[in-house]
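Visitor: following is a predicted model, sequence given first.
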Amino acid sequence: MRAPRPGIGREEEPALERLTLKNRILLLFAAATLLPFVFTCYLSYNTITSILDKKLTAGIQNNLKQVELSLESTLGNLNHVSQQLAYAGDIGRQLEAFMTADEPYARSNLTDQIKYQLNLITFTNPNIGLTMYYFQKDRSMLFETSGVKDSFDVGRLPVLSSYYGITYFGPHVSNDRFNDQYVLSALRKVELPDREDAYIYVESGFKLTQSILDLDGVSKHTYHLILDNEGRVAYSELGNDFPENSVFAELKAPSQNAGIAAGYYWYRQASTQGWSVVSLVPKSGYNQEKNAWIVKMLVMALLLIAVSLSIGWLLWKMVYKPLSRFGKEIKWMANSNFNAVTMRTNIPEFEALLGQFRKMKSQIADLFAEVESKEKRRADLEIEKLLYQINPHFLMNTLDTAHWLAVMNGQQEIDRLVTSLNKLLYYNLRKGDSLSNVREEIDSLKQYLILQQIRYNFQFDVRLHVQDELLDIQVPRFILQPLVENALYHGLDDEGRIEVEVCLPGGLEISISDNGGGISEQKIAALLAGEQSERHRVGMGIGMNYVKRMLESHYEGRAEMRVQSELGRGTRIVIRLPVKEDD
């Protein structure tokens, strides 16, 4: 490792140390105030930008969708009316008869009938304007529902889309002599036997820029284009930048619906018929609200800097004096001077802190005295512990010696007693893990029963029912003997019977049943709750409490112990233990 060059660490550290508390408070307060403000401004800017963008985009797209639906509805209406006037039907037969009639009376009669049909159709469709039959070769017109302008020329109308024998024209000034509003129109071929140039021309009354395309509610400066099936501009409100009949070059893919072109944000809504509507929003108008917000944030930042520095200076004035007094108290305590000195700061929070500090000094002084006393007592207890310590191996070896003396002297009963006691003590007093298994618990219980049968002067029957495949399942050590001992304590006689059963119905279940005198419900509740008086803290009480604590310690609430008893009939204790997968 390279050693640091002399002077580098020593030059940087004093620079930080030279910062006074006043300067540090000012810097920290300014940083703590400005950093969240800057972060908040950054998040706010992104949020406002996102909201404004989404608001404008959603508003424009929604309006474009409405325009597209309105245009489609209008074109559908034009299609429906042109079908009625072009295909074979009453008016179709009348028009065919009119074209072939030679007699003036017949032609006059047919003229009235055709005009009546036209008026009826236009009356039932109030959105339909100028309607007439047009013959392309001689550019003649028949049965027009209104006067036609002299400048009428189908070839000069902007084509919106054309398919299936019908051509739709984009927004243009109406050819009605008495109407100068923008309209949509349709031209459909009429099948006549002698004329191949017959068409039906239908206009729709439609205030384009004043109604459907009015987006002032979304942006104050919005312009619109209508593109035909090939992406050409059929209608434009910005003739200089996007002239009519020019290709909208920014539409690079049929699926593209938004972009930037010539200083405008543009949004497009395409119809199912192929034509589309485009809204144009200038960049300056689009960013106007965000720019105003940025100016406001800068002004607020300058004000916040001035306020934060002023507050930091006042804070230093309020904190410095109490801290100096508080430092004196700490120095006195460091010199083991625990005598409380009365000092006032006239600030409630610091007064409360100094009061707690003085209490702490008093408690520390008491704690020092208590530690000295406990250290002295601990030394005495260590000596006393050595005097009363018992070595379990010494006890085992002594019992083993008694066992061999009984064997040598032919004392079989004493031999049996000592052997069982030695095994029982070895199992209960052995060191190591507190876990055992069902096999060892049953063997220990058998040794305990041998001792009890020798000890008591009456006979009792103990039956054990354990499945062989359950013998190796792990259980807490020393949980069977205390429960069997309870059965012996509460009323067995010469006809007494104890049954121990271990089974596996969904979980390991251990049951100890007897036919003794039984236990009252109040006593059962007290035993399970661990409530027993000092004179009953042996036998049943301490045994039941021990087993309960062992189950809680090993299984953390997943084990269950129930006591069922009936006075004069006996008692049954059931323990249910969860079984591990490896068991």
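Guide: Good, I have the coordinates. Numbering: from 1, shown residues only.
Visitor: which residues of the stretch 351-500 of the chain score low on pLDDT?
Guide: Across the stretch 351-500 of the chain, the ranges flagged by pLDDT under 70 are 377-400, 403, 428-434, 456-458, 490-491, 493-494.
Visitor: can you give me the strands in it?
Guide: Per DSSP state E, counting those that start in this stretch, the stretch 351-500 of the chain carries strands over the ranges 435-437, 460-466, 474-476, 496-503.
Visitor: contacts for the first one?
Guide: Spelled out, it's strand 435-437. Strand 435-437 is contacted from outside by Leu471, Asp472, Ile473, Gln474, Val475, Pro476, Arg477, Phe478, His554, using CB atoms under 8 Å, 6 or more residues apart in numbering. Yep, even glycine has a C-beta here, placed from its N, CA and C like the rest.
Visitor: do stretch 259-274 as well
Guide: Outside stretch 259-274, the residues that touch it by CB under 8 Å, 6+ apart are 57, 60-61, 64-65, 67-68, 71-72, 75, 161, 163, 168, 223, 225, 227-229, 238, 241-242, 249-251, 254, 256-258, 276-283, 286.
Visitor: which of those count as buried?
Guide: Buried residues within those, defined by neighbour count using 16 or more other CB atoms under 10 Å: 57, 60-61, 64, 67-68, 71, 75, 161, 168, 223, 225, 227-229, 242, 250-251, 257, 276-282, 286.
Visitor: mark which of these are part of strands, please.
Guide: Using DSSP state E, the subset of the buried ones among the contacts of stretch 259-274 located in strands is Ser161, Tyr168, Tyr223, Leu225, Leu227, Ser276, Val277, Val278, Ser279, Leu280, Val281, Pro282.
Visitor: contacting residues around Lys331?
Guide: By CB under 8 Å, 6+ apart, Lys331 has no neighbours at all.
Visitor: ranking helices and strands of the chain by mean pLDDT, which lands last?
Guide: Sorting the helices and strands of the chain by mean pLDDT, DSSP states H and E puts helix 8-17 at the bottom, at a mean of 50.
Visitor: so which of the contacts of strand 435-437 wins on neighbours?
Guide: Counting neighbours by other CB atoms under 10 Å, Val475 comes out on top of these with 25 neighbours.
Visitor: quick one: residues contacting that one.
Guide: Leu435, Ser436, Asn437, Val438, Glu441, Leu508, Ile510, Leu577.
Visitor: just name the closest of those residues to Ser420, please.
Guide: Nearest to Ser420 out of those is Glu441 (CB to CB; 15.4 Å).
Visitor: distance check, the closest one against Gln447.
Guide: 11 Å (CB to CB, to the nearest Å).
Visitor: between these two, who's got more neighbours?
Guide: Of the pair Glu441 and Gln447, Glu441 is the one with more neighbours under other CB under 10 Å, namely 23 against 20.
Visitor: and that one, how far from Val462?
Guide: Distance, Glu441 to Val462, using CB to CB: 14 Å.
Visitor: is it correct that Ala301 is in contact with Phe37?
Guide: Yes. Look at Ala301 against Phe37 with CB atoms under 8 Å: they come within range, at 6.6 Å.
Visitor: what about those two, which has more around it?
Guide: Shown here are Ala301 and Phe37; by other CB under 10 Å, Phe37 has more neighbours (17 against 13).
Visitor: show the model's pLDDT score for the more buried one.
Guide: Looking at Phe37, its pLDDT is 72.
Visitor: just to revisit the earlier point, quick check: which of the strands of the stretch 351-500 of the chain is nearest to Tyr87?
Guide: Judging the strands of the stretch 351-500 of the chain by CB to CB, what sits closest to Tyr87 is strand 496-503, at 90.3 Å.
Visitor: which strands and helices sit next to the closest one?
Guide: Contacts defined by 3 or more CB pairs under 8 Å, 6 or more residues apart in numbering; DSSP states H and E place strand 496-503 against helix 438-455, strand 460-466, helix 480-489, strand 508-514.
Visitor: angle of that strand against helix 480-489?
Guide: Relative orientation of strand 496-503 and helix 480-489, computed by axes from the mean of the first three to the mean of the last three CA atoms, to 10 degrees: 150 degrees.
Visitor: biggest separation within the ones in strands among the buried ones among the contacts of stretch 259-274, which pair?
Guide: The distance between the two most remote of these (CB to CB) is 30.0 Å, for Tyr168 and Pro282.
Visitor: report how many residues lie close to His465.
Guide: His465, neighbours per other CB under 10 Å, totals 10.
Visitor: before we move on, back to that, dump the ones in strands among the buried ones among the contacts of stretch 259-274 to JSON lines, plus distance to Asp366.
Guide: Output for those, formatted as JSON lines (distance: CB to CB, whole Å):
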{"residue": "Ser161", "distance to Asp366": "97"}
{"residue": "Tyr168", "distance to Asp366": "100"}
{"residue": "Tyr223", "distance to Asp366": "86"}
{"residue": "Leu225", "distance to Asp366": "89"}
{"residue": "Leu227", "distance to Asp366": "91"}
{"residue": "Ser276", "distance to Asp366": "88"}
{"residue": "Val277", "distance to Asp366": "87"}
{"residue": "Val278", "distance to Asp366": "86"}
{"residue": "Ser279", "distance to Asp366": "82"}
{"residue": "Leu280", "distance to Asp366": "84"}
{"residue": "Val281", "distance to Asp366": "78"}
{"residue": "Pro282", "distance to Asp366": "80"}
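Visitor: where does the stretch 51-200 of the chain have low pLDDT?
Guide: In the predicted model, the stretch 51-200 of the chain carries pLDDT under 70 at residues 51-53, 55-56, 88-90.
Visitor: can you list the strands that the helix or strand where Thr131 lies pairs with?
Guide: Secondary structure from DSSP states H and E places Thr131 in strand 128-135. Strand 128-135 sits in its sheet next to strand 140-142 (antiparallel), strand 198-205 (antiparallel), going by DSSP bridges.
Visitor: the helices and strands packed on strand 496-503: which one's closest to Cys41?
Guide: In terms of CB to CB, the element of the helices and strands packed on strand 496-503 nearest to Cys41 is strand 508-514, at 65.0 Å.
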